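**Q** A structural model of the following input is requested.
(chains A and B)
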Amino acid sequence: MNVAKLLDKRRVQWTELEYLCDAMESRGRTDKAGGAHHRGAEGISRFSTLYRAACADLALADAYQLPPGTVTYLHRLVARAHNQLYRANKFEPNRWTDVVFREAPQQIFADPCVRAAAIIFFGLFALAMYLGRNEDLFPNFAERMVGSAQLEQMEEMYERPLAGSLDHYVRMSGFYIMHNTGIGLQCFAYGILIIPCLFNLAYNAVTLGTVFGYMARPDVTGGDNFYHFVTAHGPFELTAITLAAAAGLRLGVGLFSTGGLNRVDSLRESAMRAVPMMAASAVLFSLAAFTEGFLSPSPAPYIVKAMWAIGSSGLISFYFVILGFPRDSLGVHRRDEAMDPDTGSATHAA
Amino acid sequence: MVSLLEPNAGTDIRRMAAPVALDTTIAVVTPENIAFDYQLAGPFRRLPAYLIDLAVRWIAIIVLVVGVYLVGGLIDFALLDPFAMASGFIIYFVISWFYGTIMETYFNGRTIGKWACGIRAIDVDGSPISGKRALVRNLLRIADLAPLAAISSLNEEIPPIFMIPTGMIGLMAMVSTRRMQRLGDLAAGTMVIVDERSWRLPVAKVEDPRVPALASFFPGDYRVSRSMARTLAIYAERRHYLTPARRREVARHLTIPLIDRFEFRSDIDPDLLMYALYYKTFLADASDELPDLGPLAGYSPLRRDENKPQGLAGGSRAQRPTSEPPILASAATGVATPQQPLARDTIDRGIKVDLGSSSVRAEGDAAKPPEDAT
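**A** You can find the predicted model right below:
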């Protein structure tokens, strides 16, 4: 059997596989490839048969002494069919609740990055608030930190009591989702480089803290209205940005704290661990945005907003501590899942 | 940096088995236990894809936002305006952050830009990209595009809103990893490969009638080695791109041992000899009848027949004139060579050929004695 004859014989099947690939690429099904045996389940089974045959041809290419051009062709054909046979896993929305309510809190409770990010953010926030409030000991701190033009603008903004209409609420909640979640995602992405993430986190902490402190001064106009506005959504939003930064830091820390893994494997593992945290953060951002859009600017009495803030803080604590407290059975289950990709690659290596 | 981002050696069989080729291909082992090669996509393929995606993203945002406004305006502008505004913000947010994720998840690792540039994102172990991985690699893009360069630092008049991402971090990561992964790819465990779309099955067709004729002079039991077979196939594929003079120059180095071994004339066209061996190895069938030689019948390229007069020496294409004199010089050595290879040769090729050449010999001897004498 020489190569020319072999190629003539095999070429029929390769061409058929190509047609099936074409049909799969354009439609995701094999129906349009022509021929009655290409419809429905039969077509899929035919496709996989041809794919395996092409795989076998590729495996034997060296033994058949196929010309390199043909081998290249076979590589492409197999790769193409492989891409069609093994499709991407779509998102599984029924797993999302599991991710948000089980994986994420467990991860958040166990991760030291969360604690580090929380200490940095809330520490700097409290410090800046104290420095910004205390005019006697630290004169001009707020002005230098935020800029006097900005501070005046803030005062002007909160001069009048809050009275928004529905139009205003809807629009603003859309804006807050875009803007604040955007900042959170940016914090997360820069986490892989660590320093930009820390800078972003610290910058937000100091700016917000200073404004809070400045507005708390007794001689500033609009202070009451300001607190009227920020109380309700504060807990959600500040926690969300901390979590986003923590998820980002998890990525960056994974680069050098490898825990015995290969550096790239460690980074990949950390990324998979960071995703549930980021998801939790996105949920908090959305909650904060709706609160900020609807409840915060409304003329509802302060007590309602304060109750909401207390309630949301309690909810977050429940989420982090009660749901997040390590439980053995769940912990073992989670570790099994985390091992799956590794065992997959281990089989390939073997 | 290099040691920091060293790719996972454990999953890569090819790397342990053979020295790493200076090529941008990566071997992937499928569940069928087949290793096939993917060609990696470098920065120059990925940048246009990114730019196309950027344009598509903005067009999509503008079209959707305008569409929402139009619909809202047609129904009841006063009432629906805030909702249109809010959905405008949300459309902008979702498309600008999750365009890549959604596209790659639902279109098997391809966005519109990737599709246009013929590239695809896949898992490092060759399986298609999953939603989670697509999310990570697309969210981390802004870290790869860092640091941002502000144009306003160059020119005071430009407002400081234009920040141009330089992409230095992603570029450095790509250069220093073997799979050309940016940071997002490293974190997600993905790589970007070239999605070939040309499906040509190359088999060189031999139309030159001299090739089968010359191929019949190789002994029937001669089998080329694997590396030689590969060389022959590469040569046959590429000779179309070379000028005849270059072909001979390239082929001569390989044909010298063949000429020595099979006692061919030293002035034989090396290109033709290589091509004939290719024909014999890949195309000719051992049981085939000898091809009809037509006007070439009786021509023998063998050294022992060199001093015989021949009608079409070197075939229809002219031999290099400079090599004519050595024919006579080598004629003397041709006589002195041992008969062993010739005997085997004769047996292998069968009586038919032998008869043919001997009849020609007789004919030629009678026809052109003066040339032989000189």
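
**Q** buried stuff in stretch A:213-230?
**A** With burial defined by 16 or more other Cβ atoms under 10 Å in any protein chain shown, the residues of stretch A:213-230 counted as buried are A:213-216, A:220, A:222-223, A:225-230. The way it works is simple: take the backbone N, C-alpha and C, and place the C-beta from them, glycine included.

**Q** please apply the same query to stretch A:307-325.
**A** For stretch A:307-325, by 16+ other Cβ under 10 Å, it's A:Trp308, A:Ala309, A:Ser312, A:Ile316, A:Tyr319, A:Phe320, A:Leu323, A:Gly324.

**Q** CA atoms only: put it into PDB for me.
**A** The C-alpha coordinates for stretch A:307-325 follow below in PDB (Å, rounded to 0.1, in the frame of the first residue of the first chain):
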ATOM      1  CA  MET A 307     -32.400  50.500  60.100                       C
ATOM      2  CA  TRP A 308     -31.600  49.500  56.600                       C
ATOM      3  CA  ALA A 309     -27.900  50.000  57.200                       C
ATOM      4  CA  ILE A 310     -28.000  48.000  60.400                       C
ATOM      5  CA  GLY A 311     -30.000  45.300  58.700                       C
ATOM      6  CA  SER A 312     -27.600  45.100  55.800                       C
ATOM      7  CA  SER A 313     -24.600  45.000  58.100                       C
ATOM      8  CA  GLY A 314     -26.300  42.100  60.000                       C
ATOM      9  CA  LEU A 315     -27.000  40.400  56.700                       C
ATOM     10  CA  ILE A 316     -23.400  40.700  55.600                       C
ATOM     11  CA  SER A 317     -22.100  39.500  58.900                       C
ATOM     12  CA  PHE A 318     -24.500  36.500  58.700                       C
ATOM     13  CA  TYR A 319     -23.200  35.800  55.200                       C
ATOM     14  CA  PHE A 320     -19.600  36.000  56.100                       C
ATOM     15  CA  VAL A 321     -19.600  34.400  59.500                       C
ATOM     16  CA  ILE A 322     -22.500  31.900  59.600                       C
ATOM     17  CA  LEU A 323     -22.400  30.800  56.000                       C
ATOM     18  CA  GLY A 324     -18.700  31.100  55.800                       C
ATOM     19  CA  PHE A 325     -17.700  29.300  59.000                       C
END
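
**Q** for that stretch, what does the pLDDT average out to?
**A** For stretch A:307-325, mean pLDDT is 91.

**Q** looking at the stretch 151-300 of chain A, which residue is nearest chain B?
**A** Across the stretch 151-300 of chain A, no residue is closer to chain B than A:Gly174, which sits at 2.9 Å (Cβ to the nearest Cβ).

**Q** residues near B:Val56, how many?
**A** If you count neighbours by other Cβ atoms under 10 Å in any protein chain shown, B:Val56 ends up with 17.

**Q** got it, and A:Ser257?
**A** Counted by other Cβ under 10 Å, the residues lying close to A:Ser257 total 13.

**Q** measure it to B:Val28 for me?
**A** Plainly put, A:Ser257 is 30 Å away from B:Val28 if you go by Cβ to Cβ, to the nearest Å.

**Q** look up phi and psi at B:Arg120.
**A** Dihedral pair for B:Arg120: phi -150, psi 140, per degrees, to the nearest 10.

**Q** what sits against it?
**A** For B:Arg120, the contact set (Cβ atoms under 8 Å, 6 or more residues apart in numbering or on different chains) comprises A:Asn83, B:Asn108, B:Gly109, B:Arg110, B:Lys114, B:Val192, B:Ile193, B:Val194, B:Asp195.

**Q** hang on, the earlier thing: next up, the contacts around the closest residue in space to the residue of the stretch 151-300 of chain A closest to chain B that isn't next to it in sequence.
**A** Spatially, and ignoring its direct neighbours in sequence, A:Gly174 is nearest to B:Ala86 (2.9 Å; Cβ to Cβ, 6 or more residues apart in numbering or on different chains). Applying Cβ under 8 Å, 6+ apart to B:Ala86 gives the contacts A:Val170, A:Arg171, A:Ser173, A:Gly174, A:Phe175.

**Q** can you spell out which helices and strands pack onto the helix or strand in which the first one is found?
**A** Counting by DSSP states H and E, the element that carries A:Val170 is helix A:166-190. Secondary-structure packing of helix A:166-190 (3 or more Cβ pairs under 8 Å, 6 or more residues apart in numbering or on different chains; DSSP states H and E): helix A:195-215, helix A:234-256, helix A:263-290, helix B:43-106, helix B:131-139, helix B:141-145.

**Q** tell me the secondary structure for B:Met180?
**A** At B:Met180 the chain is in coil, as set by DSSP: H, G, I helix; E, B strand; the rest coil.

**Q** I'd like to know how far it sits from B:Ile234.
**A** In this view, B:Met180 and B:Ile234 are 26 Å apart by Cβ to Cβ.

**Q** name the residue in these two with the higher neighbour count.
**A** B:Met180 (22 against 14).

**Q** residues in contact with that one?
**A** B:Met180 makes contacts with B:Thr24, B:Leu40, B:Ala41, B:Gly42, B:Pro43, B:Met174, B:Met191, B:Val192, as judged by Cβ under 8 Å, 6+ apart.

**Q** count the residues that sit near residue 210.
**A** Just going to use chain A. Around A:Thr210 there are 26 residues (other Cβ under 10 Å).

**Q** oops, I was thinking of chain B
**A** 22.

**Q** distance of it relative to chain A?
**A** Going from B:Arg210 to chain A by Cβ to the nearest Cβ, to the nearest Å gives 19 Å.

**Q** ok, that residue touching B:Leu272?
**A** Yes. Taking contacts as Cβ atoms under 8 Å, B:Arg210 lies within contact range of B:Leu272: 6.2 Å.

**Q** ranking helices and strands of chain B by mean pLDDT, which lands last?
**A** The weakest-scoring helix or strand in chain B, judged by mean pLDDT, DSSP states H and E, is helix B:324-336 (a mean of 35).

**Q** so what's the residue nearest in space to the middle of chain A closest to, chain neighbours aside?
**A** Among the residues of chain A, the one closest to the centroid is A:Met278, at 4.1 Å (Cα atoms, centre = their mean). Ranked by Cβ to Cβ, 6+ apart and with sequence neighbours excluded, the top spatial neighbour of A:Met278 is A:Ala247, at 4.5 Å.

**Q** now for the one you found, how many residues are close by?
**A** What A:Ala247 shows, counting by other Cβ under 10 Å, is a neighbour count of 36.

**Q** for it, what are its contacts?
**A** Counting by Cβ under 8 Å, 6+ apart, A:Ala247 touches A:Cys113, A:Phe188, A:Gly191, A:Ala274, A:Val275, A:Met277, A:Met278, A:Ser281.

**Q** which of the contacts of B:Arg120 sit farthest apart?
**A** Greatest spacing in the contacts of B:Arg120, by Cβ to Cβ: B:Asn108 and B:Val194 (14.9 Å).

**Q** torsion angles phi and psi at residue 118?
**A** Unless you meant another one, I'm taking chain A. Dihedral angles (degrees, to the nearest 10) for A:Ala118: phi -60, psi -40.

**Q** can you look at chain B instead?
**A** Backbone geometry at B:Gly118, expressed as degrees, to the nearest 10, gives phi 70, psi 40.

**Q** what's the distance between it and chain A?
**A** With Cβ to the nearest Cβ as the criterion, B:Gly118 and chain A are 12 Å apart.
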